[in-house]
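>>> sequence isn't available, so here's the structure alone:
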């Protein structure tokens, strides 16, 4: 029978924890409890180390959350085959992949409410989309606005749908008021697809206008 002091395991040099293990643990906490649950102490407790050990590896809580979101974005972008020489296919792929990312990892949307999303390949993708629109015939300002409009539509759509889903939990009965005006068009995928189509056709009209007058 041992009567060793339970603190003896903590004596000496603190146990090192890899950045990958920290990010994976932070991801589980965010998925279960939201981004606000991702703190140095919570991650340290989950890994059996002190908050200072986490801090030495990733920095403060804000840095930890940024590392978490960045890693998730990097994974999401790494497995996408982005269309070449086809601006329509490129922006449509971007819209659907961003929607998928935000639904799969709601904490990414939560983080996005506070700052721009950043991660491996994110900046290069934005530049690729803007350049593709410019090559098709938009001015730089129109191309930037085109990207921003698509991005804002996707993030706004997901935020609205997720918020509405929570509000409607347990609610029964047919929709009423303004919600009933277009009850035949409430399918979420069709609504999203239709919105993307409207934006893409708008960009196409601008491109035709610019190229026909140049």
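Arrived safely. This one's a predicted model, so the numbers in the text were calculated from it and none came from an experiment. Numbers count the residues shown, from 1 in each chain.

>>> residue 41 sits in which helix or strand?
helix 40-47 (DSSP states H and E).

>>> neighbouring contacts of that helix?
For helix 40-47, the external contacting residues (CB atoms under 8 Å, 6 or more residues apart in numbering) are 17, 21-22, 25-26, 28-29, 50-55, 60-61, 64. Where C-beta positions appear, they are placed from N, C-alpha and C, glycine not excepted.

>>> ok, which pair from these is furthest apart?
For these, the farthest-apart pair by CB to CB is 28 and 52; their separation is 21.2 Å.

>>> quick check: which ranges of this protein have low pLDDT?
1-14, 165-185, 214 (pLDDT under 70).

>>> swap the cut-off to 50 and go again
1-10 (pLDDT under 50).

>>> how far does stretch 120-138 sit from its chain's centre?
Offset of stretch 120-138 from its chain centre (CA atoms, centre = their mean, to the nearest Å): 18 Å.

>>> what residues of it count as buried?
Buried positions in stretch 120-138, judged by neighbour count with 16 or more other CB atoms under 10 Å: 122, 125, 126, 128, 129, 130, 132, 133, 134, 136, 137, 138.

>>> most neighbours among the contacts of helix 40-47, please name it.
Within the contacts of helix 40-47, residue 26 tops the neighbour count with 30 neighbours, counted by other CB atoms under 10 Å.

>>> which ones are touching that residue?
Neighbouring residues of residue 26 by CB under 8 Å, 6+ apart: 38, 43, 64, 65, 67, 68.

>>> cutoff 10 Å now
Counting by CB atoms under 10 Å, 6 or more residues apart in numbering, residue 26 touches 35, 37-40, 42-43, 46-47, 54, 58, 61, 64-65, 67-69, 71-72, 107.

>>> show me those residues that map onto helices.
Among the contacts of residue 26, the ones falling in helices (DSSP state H) are 40, 42-43, 46-47, 54, 58, 61, 64-65, 67-69, 71-72, 107.

>>> among those residues, which ones are buried?
40, 42-43, 46-47, 54, 58, 61, 64-65, 67-69, 71-72, 107.

>>> out of those, which is nearest to residue 115?
residue 69 (9.1 Å).

>>> the closest one and residue 110 touch, don't they?
Yes. Contact between residue 69 and residue 110 holds when scored by CB atoms under 10 Å: they sit 9.1 Å apart.

>>> list residues touching both of those two?
30, 35.

>>> packing partners of the longest helix that the chain contains?
Counting residues, the longest helix found in the chain (DSSP H) is helix 140-167. Here helix 140-167 touches helix 87-104, helix 106-112, helix 122-136, helix 188-213, going by 3 or more CB pairs under 10 Å, 6 or more residues apart in numbering; DSSP states H and E.

>>> cool, thanks, talk later.
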